[in-house]
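>>> When you get a sec, could you give me coordinates for this:
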Amino acid sequence: MTERVEATGETLPGGTAPADQTPARAGPAGAAARGSGPAGAVAVGRALAARRSVQHLLALLVYAGLSLAMFGPWILDRMTTWLLSASTQDGSIFVWMFRWWPYAIGHLISPFYTTAAWAPGGINLGWVTSVPAPAAVMSPLTAAFGPFVSFNLVELAAPALAAWTAYLLCRHLVGTFVPALAGGFFFGFSPYLIDEFGQGHPNLSLVFLVPLAAYLVVRLLDGSLPARWVIPLLGVVLAAQLYISTETFATLTFMGLLFALIGLAAGPLWRRRLRAAAVPLAASYAVAAVLGIPLIYGVFARPRPYKPVQFATIGHGAHSPGDFLRYLIPGRFTVLWDGSHWNTYGNPWYLGIPLIVLLIVFVAADARRRGTRLLAAGLLVTLAFSIGDRLTVFGAHIMPWRLASALPLLSHAQPGRLVVYAFLLIAVIAARWLARRRLPAVRWALAASAALVILPNFHAGVWASRIPVPDFFTRGTYQRYLRPGEIVWIVNPHNDRQMIWQAQTGLSFRLAGGFFGVTPPGLPHPGMQARLGTGSIIGASVPDIRNFLTSHRVGAVLVSEQPPRSKALPKLARATGVAGVRSGQIVIFQLLTRPRPARLPSGA
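The predicted model follows:
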């Protein structure tokens, strides 16, 4: 936590100006206020508030325009058929969720558990990246234009919203518009956020509530916003974050506690402030807990899904000393990517040499300020925890995350994603750096260089992807072969197809499987079930397929996009005992003993 007094030179109520600040001269506004009495002071206050409001709106428009300029050309003319995501696999989950949530709410069924996928038993969505809040907010647009449009709009909004709320925090801390505007950029368009944005993870790119929570806490600590307002506002913000990403909610809480511990070392004034803020903050969490009861119940009321595959990405932390080069070498979503490093997952850790130089010079030049020391300590602690616990030191796992991962919920979090909080601190540091009056040209040149090297790779064709939807679904041909609510198994080598196709039909049928990154617990042979459930029959025998069909009460099998010389069709003919019927790009196997489909909407 940094001190607004140090950042702006303002005085606390009843306090004195910092030693290194010269009291401002009374300008015309101040003279007018004194000359006009209370009425004049009120008028000046209203004028300043109106000016700040205009600046806040201007900042939002700047960030929105920047997001549209960078990413709009890749998606605006094909919003209904393409995804603003380099990963169709992950993007398909969220497109499905944008269809599922309004469907469940509209049919008055629990949105936290579904039998529309992994039927007939279903799967607990409380443990899945189900983005309840964005899906509910976008439901009118989903109903009017489809889930692709909702997904793409949320993706476009994520960098702008994150930059704007970081700007609000920086604006309050440094008191000037342009430095705060620059600070917002370093968060909203940071390599971390753009990496999650590029991979189509709205649950992780929608982090605009993190700076907003910090903003409310800062205003509580400096006394500019009373506790009676902070408690409900922060409670709603925390609850909304819970309904966007439970992981971000957990790490936000954890990092807030860490920053509070750092603040305790800042002297008696900050210790008094933190002690006074403890009760209002606890009350805010109580408000969030009450608002989060439906989600909390949904998480624990049903068994937790099983995760068959663990992906070894940088999100799990550093795996070797070579990973520290990520601070210096950009990934595929950053403008200076060389086309070879860090594969398709990108590099959310990238800082770049100019930004690292800025951070070092900032600390060296202002080390005597308490706020600088607190920001530096917070940044170092955040980076240390983000390393994770997989890296060994002299053969031992002694990294700090090892202790944190033993805490509830944090055991499921990925420590590498903690860099989001590092970039928020960097945003504040950049704003404070630019707000200083000494050597402005040098400061802006270094900040501009740091911003340029972390720019998104907006000119490269890595941002949008297409999932082809056959005419069988778009023209309603499926209605001739599939009964409403029937359990269908889609066999396709691409595991992003089946959920998109089902979503495009308005969840007219149920899926025997589905790609969520997890599978329901208790399934026999979970590894084989995971493969078959995502549409792959590689390595599956005819008895394996028959067991899958029987256990999931499949009424029809749809096959498409099989590679040349594939033996899928004859294998499925033997497993089902029927010949396939071709309709365009789809081959349909209608089982002789088709189970009676569940009535909708209870079957969803």
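
>>> Not counting sequence-adjacent ones, nearest residue to the residue most central in space within the chain?
Nearest residue to the geometric centre of the chain (CA atoms, centre = their mean): residue 204, 1.4 Å. Using CB to CB, 6 or more residues apart in numbering and skipping residues adjacent in sequence, the residue nearest residue 204 is residue 196, 4.0 Å away. C-beta: built from backbone N, CA, C; applies to glycine.

>>> and what of residue 581?
By the measure of CB to CB, 6+ apart, the closest residue to residue 581 outside its immediate chain neighbours is residue 588, 4.9 Å from it.

>>> again, but for residue 478
Spatial nearest neighbour of residue 478, excluding adjacent residues (CB to CB, 6+ apart): residue 472 at 5.6 Å.

>>> For whatever helix or strand that neighbour lives in, output the C-alpha coordinates as PDB.
For residue 472, the element it lies in under DSSP states H and E is helix 471-474. The C-alpha coordinates for helix 471-474 follow below in PDB (Å, rounded to 0.1, in the frame of the first residue of the first chain):
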ATOM      1  CA  ASP A 471     -25.400 -26.800 -41.900                       C
ATOM      2  CA  PHE A 472     -26.800 -29.800 -40.100                       C
ATOM      3  CA  PHE A 473     -27.100 -27.500 -37.100                       C
ATOM      4  CA  THR A 474     -27.400 -24.000 -38.500                       C
END
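
>>> Each with direction, which strands does the helix or strand just after that helix pair with?
Following helix 471-474 in sequence order, the next helix or strand is strand 487-491 (DSSP H and E). For strand 487-491, the pairing partners within the sheet under DSSP bridges are strand 510-511 (parallel), strand 556-559 (parallel).

>>> looking at those strands, which is buried most?
Sort these by mean neighbour count, taking mean count of other CB atoms under 10 Å, and strand 510-511 sits at the top with a mean of 28.

>>> Residue 44: neighbouring residues, count only.
The burial count assigned to residue 44 is 15, neighbours taken as other CB atoms under 10 Å.

>>> Begin at 20, not 1, for the rest of this chat.
Understood, numbering begins at 20; the last thing we discussed is residue 63.

>>> Counting by contacts, list what the host helix or strand of it packs against.
Under the criterion DSSP H and E, the helix or strand holding residue 63 is helix 47-90. Under the contact criterion of 3 or more CB pairs under 8 Å, 6 or more residues apart in numbering; DSSP states H and E, the helices and strands touching helix 47-90 comprise helix 166-193, helix 196-207.

>>> Tell me how this structure divides into domains.
By the assignment in automatic domain parsing, the chain contains the domains 23-32+44-92+176-472, 101-164+487-609.

>>> Of these, which shows the lowest average pLDDT?
By mean pLDDT, the lowest-scoring of the domains of the chain turns out to be domain 23-32+44-92+176-472, with a mean of 87.

>>> Skipping adjacent residues, who's closest to residue 313 in space?
According to CB to CB, 6+ apart, the nearest residue to residue 313 is residue 131 (7.2 Å).

>>> Just list the residues touching residue 543, thanks.
By CB atoms under 8 Å, 6 or more residues apart in numbering, the residues touching residue 543 are 566, 570.

>>> about what we covered before: run a quick check on the residue nearest to residue 223 versus residue 364, I expect a contact.
No. Distance between residue 215 and residue 364: 10.6 Å, which falls outside the contact criterion (CB atoms under 8 Å).

>>> who has more neighbours, those two?
Shown here are residue 215 and residue 364; by other CB under 10 Å, residue 215 has more neighbours (24 against 19).

>>> Mind listing the residues bridging to the residue nearest to residue 600?
Beta bridges link residue 607 to residue 577, residue 600 when assigned by DSSP bridges.

>>> what about the strands in this protein?
Under the criterion DSSP state E, the chain carries strands at the ranges 101-102, 132-133, 142-143, 484-485, 506-510, 529-530, 575-578, 600-602, 605-609.

>>> Could you work out which of those reaches nearest to residue 319?
Go through the strands of the chain one by one with CB to CB and the one that ends up closest to residue 319 is strand 142-143, at 9.3 Å.

>>> That closest one - contacts with which helices or strands?
Strand 142-143 sits against strand 132-133, with contacts defined as 3+ CB pairs under 8 Å, 6+ apart.

>>> Please enumerate residues in contact with the strand it packs on?
Applying CB under 8 Å, 6+ apart, the set of residues contacting strand 132-133 is 119, 123, 141, 142, 143, 144, 145, 317, 320, 321, 623.

>>> at 6 Å what do you get?
Strand 132-133 is touched from outside by 141, 143, 144, 321, with contacts defined as CB atoms under 6 Å, 6 or more residues apart in numbering.

>>> same thing with stretch 174-190?
Counting by CB under 6 Å, 6+ apart, stretch 174-190 makes contact with 78-79, 82-83, 86, 103, 199-200, 202-204, 206-208, 212, 216, 224-227, 230-231, 233-234, 446-447, 450, all of which sit outside it.

>>> what does stretch 446-465 give?
By CB under 6 Å, 6+ apart, the residues outside stretch 446-465 that reach it are 26, 185, 189, 193, 195, 198-199, 201-202, 205-206, 377, 381, 394, 466.

>>> quick one: which of the residues you listed is nearest residue 250?
residue 185 (23.0 Å).

>>> circling back to that earlier point, between the strands of the chain, which one is closest to residue 549.
Of all the strands of the chain, it is strand 142-143 that lies closest to residue 549, at 12.0 Å by CB to CB.

>>> Quick one: distance of the closest one to the chain centre.
Taking CA atoms, centre = their mean, to the nearest Å, the mean C-alpha location of strand 142-143 is offset from the chain mean by 21 Å.

>>> Over to stretch 552-570?
Using CA atoms, centre = their mean, the distance from the centre of stretch 552-570 to the centre of the chain it belongs to is 34 Å.

>>> list the buried ones in it?
Neighbour-count burial for stretch 552-570, with 16 or more other CB atoms under 10 Å as criterion, is recorded at 552, 553, 554, 555, 556, 559, 563, 564, 566, 567, 568.

>>> related to what we said a few turns ago, as CSV, the domains of the chain with distance to residue 479 would be great.
Formatted as CSV, the entries for the domains of the chain read as follows, by distance: least, CB to CB, whole Å:
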stretch, distance to residue 479
domain 23-32+44-92+176-472, 8
domain 101-164+487-609, 10
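
>>> Would you tell me which one of the strands of the chain is buried the most?
When neighbours are counted by mean count of other CB under 10 Å, the highest per-stretch mean among these falls to strand 529-530, a mean of 28.

>>> what residues does that one touch?
Outside of strand 529-530, the residues that reach it under the criterion CB under 6 Å, 6+ apart are 135, 136, 138, 506, 517, 521, 622.

>>> Inside helices: which ones of those?
517, 521 (DSSP state H).

>>> Can you tell me which of the contacts of strand 529-530 is nearest residue 347?
residue 517 (40.8 Å).

>>> any idea what sits nearest that closest one, other than its immediate chain neighbours?
Residue nearest to residue 517 in three dimensions, not counting chain neighbours: residue 509, with 3.9 Å by CB to CB, 6+ apart.
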